[in-house]
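Undergrad: Have a look; sequence and predicted model below, questions after that.
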Amino acid sequence: MARTPRSLAGRVVAITGGGRGIGRATALALIAQGARVAIGDIDAALAERTAEELGSGTLGLPLDVTDGASFAGFLDQVQERLGGLDVLINNAGIMPIGPFLDETEAMADRIVDINLRGVILGSKLALGRFSERGSGHLVNIASTAGKAGVSGGATYCATKHAVVGLTEAIRQEVRGTQIGVTVVIPHVVNTELGSGLSHTRGVKLVEPEDVADVIVDALQTGRYQVYLPRFMGLLLWSKALVPIWLSELVTRLLKGDRVLVDPDHAARAAYEARMAQTVSEAASSPESTEPEARVA
């Protein structure tokens, strides 16, 4: 007998990187379920504008996921203005692509800071609050690149592998409590981050709304691991059961090894420019010389 989905009405949800893409779509889907939503984004003006567009009392707040004080302050404001935190969705992430040897140290640091340290930091802060309240749900957004290495995105893949492992470990630590944990593992999503990328044969582009829908479902059912498209879970699982040469052959036949290698640079120009800017801003920040100030 199927379990009755949990109601999300009145639940307080905080979403990182919520100004656009998956974060925005998820906020909209949760609002439709009656949740009280706050979105945080490094672009404070975008967060406020998106919150106004979403309506329903949505909060749009500034958030730098690499800064402990900023993240703690974000969650404090959410609790003060909306109530006790029920859900944190660690969605913020970046994906600059290109040959590994061409990647600058500054870019690698930025990818790791946002995609991994930001998730570690947010998870710790949220779990502390959940433990005090006796319940809560942590959702970490990973990627199929967190289950298989992909040419052109070595450091990105490394961070997403780490997010998958981190979430699995957290799940084991909170087992037996009322704290839920979910890791979402989508293929290429039709957002600015995924713009201009090649497609794997037979795998359609995932829409942000598709990711939002599975997040809502996971929160309602307590589901731990979610793949998009769903058959990607079976495909990636089967890779571990065959010799590496066969796995790589299938990947090449499906052109899965070319997804990040042959992008449409014109289509990605705006995104890549924004990534270069965020690296530049991080390098010029006074805190960039004080690692302890940004890592909790």
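TA: Structure's in. What do you need? Everything numeric here is computed off the predicted structure, so don't read it as measured data. Numbers count the residues shown, from 1 in each chain.
Undergrad: Assign Ser56 to helix, strand or coil.
TA: Ser56 falls in the coil class when you classify it by DSSP: H, G, I helix; E, B strand; the rest coil.
Undergrad: tell me the strands in the stretch 1-150 of the chain, going along the chain?
TA: Ranges of strands in the stretch 1-150 of the chain, per DSSP state E, counting those that start in this stretch, are 12-16, 36-41, 59-62, 87-90, 136-141.
Undergrad: Quick one: those strands as a markdown table, columns for mean pLDDT, mean neighbour count and distance to Pro229 too.
TA: For glycine as for every other residue, the C-beta is placed from the backbone atoms N, C-alpha and C. Shown next, in a markdown table, are the strands of the stretch 1-150 of the chain (pLDDT from 0 to 100; neighbours: other Cβ atoms under 10 Å; distance: least, Cβ to Cβ, whole Å):
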| stretch | mean pLDDT | mean neighbour count | distance to Pro229 |
| --- | --- | --- | --- |
| strand 12-16 | 98 | 27 | 23 |
| strand 36-41 | 98 | 28 | 26 |
| strand 59-62 | 98 | 21 | 31 |
| strand 87-90 | 98 | 27 | 20 |
| strand 136-141 | 98 | 24 | 16 |
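Undergrad: Reformat those as JSON lines; add distance to Ala283.
TA: As requested, these are exported to JSON lines (distance: least, Cβ to Cβ, whole Å):
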{"stretch": "strand 12-16", "distance to Ala283": "22"}
{"stretch": "strand 36-41", "distance to Ala283": "20"}
{"stretch": "strand 59-62", "distance to Ala283": "20"}
{"stretch": "strand 87-90", "distance to Ala283": "24"}
{"stretch": "strand 136-141", "distance to Ala283": "26"}
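Undergrad: so Glu52 touches Gly60, yeah?
TA: Yes - counting by Cβ atoms under 8 Å, Gly60 is a contact partner of Glu52 at 7.1 Å.
Undergrad: which stretches of the stretch 101-250 of the chain aren't confidently modelled?
TA: Residues of the stretch 101-250 of the chain meeting the criterion pLDDT under 70: 202.
Undergrad: now do 90
TA: Counting by pLDDT under 90, the low-confidence segments of the stretch 101-250 of the chain come to 188, 190-205, 229-250.
Undergrad: rewinding a little: for the strands of the stretch 1-150 of the chain, which one sits closest to Val119?
TA: Of all the strands of the stretch 1-150 of the chain, strand 87-90 sits nearest to Val119, with 4.6 Å by Cβ to Cβ.
Undergrad: Show me what that closest one is packed up against.
TA: With contacts taken as 3 or more Cβ pairs under 8 Å, 6 or more residues apart in numbering; DSSP states H and E, strand 87-90 sits against strand 12-16, helix 118-133, strand 136-141.
Undergrad: quick one, the first one and strand 136-141 angle?
TA: Between the axes of strand 12-16 and strand 136-141, defined by axes from the mean of the first three to the mean of the last three Cα atoms, to 10 degrees, the angle is 20 degrees.
Undergrad: May I have the strands that pair with strand 12-16, each with its orientation?
TA: strand 36-41 (parallel), strand 87-90 (parallel) (DSSP bridges).
Undergrad: Equivalent analysis for the last one, please.
TA: When pairs are called by DSSP bridges, strand 136-141 turns out to pair with strand 87-90 (parallel), strand 179-186 (parallel).
Undergrad: quick one, helices of the stretch 101-250 of the chain?
TA: Applying DSSP state H, counting those that start in this stretch to the stretch 101-250 of the chain gives helices spanning 105-112, 118-133, 154-174, 208-221, 231-239, 244-253.
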